[in-house]
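K.L.:
model this:
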Amino acid sequence: MKIGLFYGTNTGVTEIIAEELKEILEEKGFEIDLHDIADTPLDEMNNYDKLIIATPTWNDGELQDDWEEVIDDYKEFDFSGKMVAFVGTGDQEAYCDNYLDAIGVMAKPVRDNGGTIFGRWPSEGYSHTHSLGMDSDGMWAGLALDNDNQESLTAGRMKKWVDQIAKELGL
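P.N.:
So this is what the prediction gives:
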């Protein structure tokens, strides 16, 4: 199964996560094309029925710079027939009022424009006060990672999430 994994990064953390995630997914039997949104046209997403979008939440709930540059087109993108998963990176202690807001901001156009979200993640084990990345049922809109405060949990969370999405996708 071929998946397009699109990421944006300012400090390099999300890029490292995307590269590690690609390896774990390939070990599970997925075929992954990795794309840095900084040098990839948004319409490249049209080449995939299944997408993973990885993004940090920057500063006080802002989108990462490269995602911010394409967000207007992203909001208009036709996600009909596409299944989309999210991976969010951030700091839940320093930014507890907007931890992983970016995945919530990016999940809305998927839902509004005909896409289906998979890979939602439980909120147990996180400490924050508010997030747009959390759905009304208390689940994250995607995999939640905090390498600033819980780096020791990242590899295990990624492996568990890959097992989860493999089941969701019927592998």
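
K.L.:
Phe6 belongs to a strand?
P.N.:
Yes. When classified by DSSP: H, G, I helix; E, B strand; the rest coil, Phe6 is found to be part of a strand.

K.L.:
I figured it hits Ile52, correct?
P.N.:
Yes. If you go by Cβ atoms under 8 Å, Phe6 and Ile52 touch, sitting 7.2 Å apart. All C-beta atoms are positioned from the backbone trio N, CA, C, and that covers glycine.

K.L.:
Quickly run through the sheet partners of the longest strand anywhere in the chain, with directions.
P.N.:
If you go by DSSP state E, the chain has its longest strand at strand 50-58. Strand 50-58 has the following strand partners under DSSP bridges: strand 2-7 (parallel), strand 62-63 (antiparallel), strand 83-89 (parallel).

K.L.:
Measure how far the longest helix along the chain is from the centre of its chain, please.
P.N.:
Secondary structure of the chain per DSSP state H: the longest helix is helix 151-168. With Cα atoms, centre = their mean, to the nearest Å as the basis, helix 151-168 stands 13 Å off its chain's centre.

K.L.:
Please list the residues outside that helix that contact it.
P.N.:
Counting by Cβ atoms under 8 Å, 6 or more residues apart in numbering, helix 151-168 makes contact with 17, 20-21, 24-25, 28-30, 85, 87, 118-119, 121, 125, 143-147, all of which sit outside it.

K.L.:
tell me the mean pLDDT over it?
P.N.:
Taken as a whole, helix 151-168 carries a mean pLDDT of 96.

K.L.:
how about it: buried residues?
P.N.:
In terms of neighbour count (16 or more other Cβ atoms under 10 Å), helix 151-168 has its buried residues at Thr154, Arg157, Met158, Trp161, Val162, Gln164, Ile165.
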